[in-house]
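K.L.:
sequence unknown, structure follows:
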């Protein structure tokens, strides 16, 4: 059921959207009813009344769309299909601001979509919100004590409404009805997701047009799907050439560019050094933080390359490329970070080799608790006599750690790199490589 509170008439763009949406839903095999509340000037109660109307039908989903919006019909169909097994899915509606912004509250950390193309969020607005029936049934039970009748209801015949949408106080702050609705659902253990691929027009004195997926990509310097597909093809082509024996600096540079993570990937000098040392390694190789270097070291080495990665997106990406190109000696592990009080570090799989001949320290992020101090604290006992490559020496935290390790372990790291400083050194053969550096 598509449901719309109408307080001062529906915009022409909204009507045009409806005219396009009905046939689009029908073509996708999705039956659609429509309901509006044009009698209640209190927006929250209009939504509560529409929820009541929805629950008297056999519809499976309630889709709120406000009367001052236009949303592309094909995008809405895709949103309904993507949200078939979700609780609540929100479409990003641009705010009526002079700058581009959306009524979406993201969870802390990086923003990634799941296999359905949905992004889990904290909360968002109801201007475009898809709600599964089980959500409203459960919330009506939880808030049964809020049942009431509207001023025009006949209490003898009308079913009561429940106060699911209501402005209230939360944490000492006044929250809007839509955000409070989301919080109430997540308090019950539910989830909220964003469908980012919608073109939306929010109408007022002017039309505010936006596409939150494109907005997120632009804000985070991420390319769109078409460019990403082209880059993936280029990556596969260049990696195949590298596997076939083209190990030139030019090819390595192209592979780094193909990988598309220039802010975090090593530069050509570092990657070339890693390739050279991996080819000569006489034992297992360790890399902390997965990326293009993991793949290239595994291609040239006769040894197993063990890579630890705590971000599922990079884990899946590297794993998929390795499988496509049959790079069978790459052992990539999804390794969440564990809090060791003074620092955080990867949870090691039980199968981790007891000794490594070569190690590349390129993760986790420097913003991680303790930076990368856990490398020697946790991995040191597995690195006697190992050659260690340390990236990101331009970062003061890393530079300080390397100096500390030099003092504690009596080892000298050689600083290299004309643009992006890195270091290479061989650790002592004795088992004194567990440092107290933090």
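P.N.:
Sure, I can see it. The model shown is predicted, which means the values in this text are computed figures rather than measured ones. Numbering: from 1, shown residues only.
K.L.:
distance check, the spatially most central residue of the chain against residue 126.
P.N.:
Nearest to the geometric centre of the chain sits residue 112, at 1.6 Å (C-alpha atoms, centre = their mean). As judged by C-beta to C-beta, to the nearest Å, residue 112 and residue 126 stand 24 Å apart. Every C-beta, even on glycine, is put in place using the N, C-alpha and C of the backbone.
K.L.:
just the strands in the stretch 301-438 of the chain please.
P.N.:
305-309, 330-334, 337-339, 344-346, 358-361, 387-390, 414-416, 422-426 (DSSP state E, counting those that start in this stretch).
K.L.:
got a pLDDT number for the residue in the chain sticking out farthest from the centre?
P.N.:
The centre of the chain is farthest from one residue, residue 156, which by C-alpha atoms, centre = their mean lies 49.8 Å away. At residue 156, the model reports a pLDDT of 80.
K.L.:
can you tell me the SS state at it?
P.N.:
Following DSSP: H, G, I helix; E, B strand; the rest coil, we place residue 156 in the coil state.
K.L.:
repeat for residue 121
P.N.:
Here residue 121 is strand, with the state taken from three-state DSSP.
K.L.:
surely it is in contact with residue 194?
P.N.:
Yes: with contact defined as C-beta atoms under 8 Å, residue 121 counts as touching residue 194 (4.9 Å).
K.L.:
out of these two, which sits in the more crowded spot?
P.N.:
Shown here are residue 121 and residue 194; by other C-beta atoms under 10 Å, residue 194 has more neighbours (27 against 21).
K.L.:
quick one: strands adjacent to whichever helix or strand that one is part of?
P.N.:
Residue 194 is part of strand 192-195, with elements assigned from DSSP states H and E. Note on strand 192-195: by DSSP bridges, its sheet partners are strand 88-91 (parallel), strand 119-124 (antiparallel).
K.L.:
and the nearest residue to residue 164 once chain neighbours are set aside, what is it in contact with?
P.N.:
Closest residue to residue 164 apart from its sequence neighbours, by C-beta to C-beta, 6 or more residues apart in numbering: residue 139 at 5.4 Å. By C-beta atoms under 8 Å, 6 or more residues apart in numbering, the residues touching residue 139 are 162, 164, 184, 185, 188.
K.L.:
just name the closest of the residues you listed to residue 80, please.
P.N.:
Nearest to residue 80 among those: residue 185, at 18.6 Å, using C-beta to C-beta.
K.L.:
partner strands of the worst-scoring helix or strand of the chain on mean pLDDT, parallel or antiparallel?
P.N.:
Scoring the helices and strands of the chain by mean pLDDT, DSSP states H and E places strand 207-210 at the bottom, with a mean of 75. According to DSSP bridges, strand 207-210 forms sheet pairs with strand 200-203 (antiparallel).
K.L.:
list the buried residues of the partner strand.
P.N.:
200, 201, 202, 203 (16 or more other C-beta atoms under 10 Å).
K.L.:
any idea how far residue 33 is from residue 86?
P.N.:
20 Å.
K.L.:
who has more neighbours out of the two?
P.N.:
residue 86 (21 against 13).
K.L.:
who's in contact with the more buried one?
P.N.:
Contacts of residue 86 (C-beta under 8 Å, 6+ apart): 116, 118, 130, 132, 191, 193.
K.L.:
let me have those in CSV, extended by distance to residue 308.
P.N.:
Shown next, in CSV, are those (distance: C-beta to C-beta, whole Å):
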residue, distance to residue 308
116, 28
118, 28
130, 38
132, 37
191, 28
193, 29
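K.L.:
please parse this structure into its domains.
P.N.:
Per automatic domain parsing, the domain ranges recorded for the chain read 2-219, 229-426.
K.L.:
below-threshold pLDDT in the chain: ranges please.
P.N.:
For the chain, the stretches with pLDDT under 70 are 41, 98, 205-207, 220-230, 261-266, 430-438.
K.L.:
now the helices for it?
P.N.:
Along the chain, counting by DSSP state H, helices occupy 12-27, 43-55, 73-82, 133-142, 177-187, 212-219, 225-243, 249-259, 268-280, 292-300, 312-324, 374-379, 396-409.
K.L.:
now do residue 23 against residue 36, distance only.
P.N.:
Distance from residue 23 to residue 36, counting by C-beta to C-beta: 20 Å.
K.L.:
more neighbours, those two?
P.N.:
residue 36 (15 against 10).
K.L.:
and that one, bridged to which residues?
P.N.:
Under the criterion used (DSSP bridges), residue 36 bridges to residue 4.
K.L.:
make 58 the starting number, not 1.
P.N.:
From this message on, residue numbering opens at 58, which makes the last subject residue 93.
K.L.:
surely it is in contact with residue 66?
P.N.:
No: Residue 93 is not in contact with residue 66 according to C-beta under 8 Å; the separation is 10.9 Å.
K.L.:
so what sits against both of those two?
P.N.:
Here residue 93 and residue 66 share the contacting residues residue 124, scored by C-beta under 8 Å, 6+ apart.
K.L.:
count of neighbours near residue 398?
P.N.:
Per other C-beta under 10 Å, the neighbour tally for residue 398 reads 8.
K.L.:
ok, it - contacts?
P.N.:
Going by C-beta under 8 Å, 6+ apart, residue 398 touches no other residue.
K.L.:
how close does it sit to residue 428?
P.N.:
Taking C-beta to C-beta, one finds residue 398 at 14 Å from residue 428.
K.L.:
so what's the closest residue to residue 191 other than its chain neighbours up against?
P.N.:
Leaving aside its chain neighbours, residue 191 sits nearest to residue 144 (7.7 Å; criterion: C-beta to C-beta, 6+ apart). With contacts defined as C-beta under 8 Å, 6+ apart, the neighbours of residue 144 are 188, 189, 191, 192, 242, 247, 248, 249, 250.
K.L.:
can we see that at 10 Å?
P.N.:
Applying C-beta atoms under 10 Å, 6 or more residues apart in numbering to residue 144 gives the contacts 187-189, 191-192, 195, 242-243, 245-250.
K.L.:
neighbour count and distance to residue 99 added to the residues you listed, as CSV?
P.N.:
Formatted as CSV, the contacts of residue 144 follow (neighbours: other C-beta atoms under 10 Å; distance: C-beta to C-beta, whole Å):
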residue, neighbour count, distance to residue 99
187, 25, 23
188, 26, 20
189, 19, 25
191, 11, 27
192, 22, 22
195, 16, 24
242, 22, 21
243, 15, 25
245, 13, 25
246, 8, 29
247, 17, 25
248, 15, 28
249, 26, 24
250, 23, 28
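K.L.:
between these, which is nearest residue 105?
P.N.:
residue 188 (12.7 Å).
K.L.:
roughly how far apart are the residue lying closest to that closest one once chain neighbours are set aside and residue 144?
P.N.:
Of all residues not flanking residue 188 in the chain, residue 119 sits nearest, at 4.7 Å (C-beta to C-beta, 6+ apart). With the distance defined as C-beta to C-beta, residue 119 ends up 12 Å from residue 144.
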